[in-house]
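>>> mind folding the following:
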Amino acid sequence: MEIADFKAILESIDIPVVYHSFQASGMEVKQPPYICWYVKESDNIPGDDRVVSKFNRVNIELYTDYKNPELEQKLEDALDGASVFYDKTEIYIQEEKMFEILYEIEI
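Residues are numbered from 1 along each chain as shown. Down below sits the predicted model:
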């Protein structure tokens, strides 16, 4: 999957989507809900002294003001529909008074 295809999956949720952060992307900060995503690292496969297959480990961070299972399900349905495997964790950011739902994927 190409990054452009992946970004289109996230944008299909119909909430703001930004790479890494609003500040780093030169955009005005939005109120939740929104998605930040970024390439965390690569996990390449070597062969004959070169990279044979390239994989990117990507974090998708869904931010909401309140626990929003419907929005989480919408994102998960989009990932499932694109056959993207994910692991999910959740934290509450007390200082910001918002939830962060983290999806870790590999593309």
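>>> the residue nearest to the spatial centre of the chain - nearest residue in space that isn't next to it in sequence?
Centroid-nearest residue in the chain: Ile60, 1.7 Å away (criterion: Cα atoms, centre = their mean). Leaving aside its chain neighbours, Ile60 sits nearest to Tyr103 (4.1 Å; criterion: Cβ to Cβ, 6 or more residues apart in numbering). C-beta: built from backbone N, CA, C; applies to glycine.
>>> that neighbour should be in a helix, yeah?
No: assessed with DSSP: H, G, I helix; E, B strand; the rest coil, Tyr103 is strand; it does not lie in a helix.
>>> still on that earlier bit, strand partners of whichever strand or helix holds the residue nearest to the centre of the chain, parallel vs antiparallel please.
Applying DSSP states H and E as the criterion places Ile60 in strand 56-64. Sheet pairing for strand 56-64, assigned by DSSP bridges, gives strand 34-42 (antiparallel), strand 98-106 (antiparallel).
>>> for the last one, list the C-alpha coordinates in CSV.
If I follow you right, that is strand 98-106. Output of strand 98-106 as CSV, limited to C-alpha atoms (Å, rounded to 0.1, in the frame of the first residue of the first chain):
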residue,chain,number,x,y,z
MET,A,98,-8.9,14.2,25.8
PHE,A,99,-8.6,10.6,24.8
GLU,A,100,-5.9,9.2,22.5
ILE,A,101,-6.6,6.0,20.8
LEU,A,102,-3.4,4.7,19.2
TYR,A,103,-3.5,2.3,16.3
GLU,A,104,-0.1,0.7,15.3
ILE,A,105,0.1,-0.6,11.8
GLU,A,106,2.6,-1.7,9.2
